[in-house]
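Chemist: Can you look at this prediction? I've put the sequence above it.
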Amino acid sequence: MSARAKPVQLARLLSDAGARGGDGGGRPTTTATAAEVVEELRLWEPRGSQPAAGRAGRSATAHEPLARPRVLLNMACTADGRATIGGRSGQIGNRADHELFHALRTAIDAVLVGAGTMRAERYGRLVREDSARALRCARGLAQEPLACIVSASLALPADEIPLLADPAARVAILTPSPASLPECAAQVRYVRCAREGQLDLPAALGELRRAGVRTMLCEGGPHLNAQLLAAGLVDELFLSLAPRLAGGDAASESLRIVAGPVLDPPVALELESVFASEGQLLLRYRALRAGEPRVEPAGGGGGAGRAVPSAERPDSSAEGPAPGEKPAPPPAPPSGSPDAPPAESSPPL
Ligand SMILES: NC(=O)c1ccc[n+]([C@@H]2O[C@H](COP(=O)([O-])OP(=O)(O)OC[C@H]3O[C@@H](n4cnc5c(N)ncnc54)[C@H](OP(=O)(O)O)[C@@H]3O)[C@@H](O)[C@H]2O)c1
């Protein structure tokens with residue numbers, strides 16, 4: 001039996017939970033494993049399923065319960081913004097990134113993924129280690145997260161996607177289609193939410209929330225991300241920034257982490273934490289709601305700071321859509337409802 005490798009120690013460069021900004025000589029003062037970083041978020045507790053409060057405390061809206069799951073988006077890209085190399089994301093991450101990816105899965109109710117990513121990455125079982133499954137149970141979670149796949153075509157062949165051939169897998173297909181997948185071993189349910197023939201993502205996430213999904217980890221891909229962001233359905237972004245340049249032509253294979261219509265206005269982000277390992281930066285951002293002020297750190301990178309209206313960013317209204325691009329959709333409504341979260345009335349998934 002081979003001894004398990006010790007988890008990577010991430011250098012904590014900026015975060016609420018630990019020392020910030022280093023020792024004055026530019027060196028980080030603390031380290032944490034990916035599991036410890038995720039532990040600090042307490043995602044499985046009722047408080048952890050609410051929107052994050054922000055490093056400097058927040059407006060009341062940021063603490064309001066949501067009528068949908070809290071959505072964390074986890075993506076990796078190269079320093080020049082590439083989200084794929086050779087059509088896959090594997091070469092972009094490093095061991096630390098991999099450990100964070102799995103630690104997040106261990107703490108979450110559901111994983112959300114576009115069918116394009118499911119087909120490219122050929123997902124298998126979401127939580128593979130027995131110890132991680134046991135930890136999930138100890139946290140009051142199901143052994144495996146619910147795997148939520150967004151698809152209109154339902155072109156998801158079980159002989160190519162091991163997850164669908166796994167009898168232990170719980171899968172929810174989010175689709176506007178009345179069709180179903182061919183018979184497969186996984187336990188498959190359907191969340192059919194269509195508006196004018198298109199998938200109504202906010203309604204689908206609302207249905208999942210009513211079925212008991214409080215936290216959701218979106219693992220992409222870029223086309224799904226764009227729609228979630230445009231609809232104000234992303235609360236946080238975990239971005240793993242690789243110390244690599246991959247080049248390539250933006251019009252060809254080189255997807256970025258968000259692909260689709262221009263986000264206008266751009267989604268403003270507030271930096272929550274930064275960890276590093278072997279030059280890979282693990283960044284955590286909070287997505288600001290429309291009009292929510294950004295809190296600039298007061299020198300040294302932490303604590304209460306100056307509220308800056310997000311409208312201070314450069315005016316992008318003069319720029320029209322790029323040639324061939326569709327005009328951007330109207331600004332998205334705020335993602336959270338001021339109402340109390342819905343009673344968990346739908347059948348559990
Ligand atoms: N760097 C990273 O962190 C990262 C993460 C994830 C993925 N990736 C890479 O990204 C690539 C895939 O990304 P992608 O952007 O092409 O695909 P994607 O966003 O994962 O999936 C797109 C597909 O999802 C379904 N879909 C999306 N929005 C929908 C809607 N509103 N209604 C119904 N169905 C909808 C459609 O599936 P149907 O065609 O079945 O209708 C669509 O073709 C892969 O190469 C993968 O390796 C990289």
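Modeler: Cool, the structure landed.
Chemist: need the residues of the protein near the ligand, please.
Modeler: 75-77, 83-84, 87-89, 92, 114-117, 120-121, 150-153, 155, 199, 219-224, 227, 255, 259 (CB under 6 Å from any ligand atom). In short, each C-beta sits where N, CA and C put it, glycine included.
Chemist: Please identify the helix or strand for the residue nearest the centre of the chain.
Modeler: By CA atoms, centre = their mean, the mean C-alpha position of the chain lies nearest to Leu73, the distance being 1.1 Å. Assessed by DSSP states H and E, Leu73 sits inside strand 70-78.
Chemist: how far out from the middle of the chain is that strand?
Modeler: Centroid displacement of strand 70-78 relative to its chain, using CA atoms, centre = their mean, to the nearest Å, is 4 Å.
Chemist: and that strand, which strands flank it?
Modeler: Strand 70-78 has these partner strands in its sheet, going by DSSP bridges: strand 215-218 (parallel), strand 236-242 (parallel).
Chemist: ok so, going back, pull the contacting residues for the residue nearest to the centre of the chain.
Modeler: For Leu73, the contacting residues are 218, 220, 225, 228, 234, 236-238, taking CB atoms under 8 Å, 6 or more residues apart in numbering as the criterion.
Chemist: try Ala165
Modeler: Residues in contact with Ala165, defined by CB under 8 Å, 6+ apart, are 158-159, 184-186.
Chemist: Let's see the ChimeraX selection covering just the buried ones among the residues you listed.
Modeler: Written as a ChimeraX command, the selection of buried residues from the contacts of Ala165, which uses 16 or more other CB atoms under 10 Å, is:
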select :158,184,186
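Chemist: Where do the helices of the stretch 1-150 of the chain begin and end?
Modeler: 34-39, 95-105, 115-121, 130-138 (DSSP state H, counting those that start in this stretch).
Chemist: Select, out of these, the one closest to Thr175.
Modeler: The stretch from the helices of the stretch 1-150 of the chain with the least distance to Thr175 (CB to CB) is helix 115-121; that distance is 9.2 Å.
Chemist: List the contacts of that closest one.
Modeler: Surrounding helix 115-121, the residues in contact under the criterion CB under 8 Å, 6+ apart are 87-89, 149-151, 153, 155-156, 160-161, 163, 219-221, 223-224.
Chemist: among the residues you listed, which ones are buried?
Modeler: Of the contacts of helix 115-121, these count as buried by 16+ other CB under 10 Å: 89, 149-151, 156, 161, 163, 219-221, 223-224.
Chemist: Can you tell me which of those residues is closest to Asp109?
Modeler: Distance ranking of the buried ones among the contacts of helix 115-121 against Asp109, using CB to CB, places Glu219 first at 14.1 Å.
Chemist: residues near Gly116, how many?
Modeler: Residue neighbour count, defined by other CB atoms under 10 Å, stands at 17 for Gly116.
Chemist: okay, it: pLDDT?
Modeler: Looking at Gly116, its pLDDT reads 97.
Chemist: and the gap between it and Leu163?
Modeler: Using CB to CB, to the nearest Å, Gly116 is found at 15 Å from Leu163.
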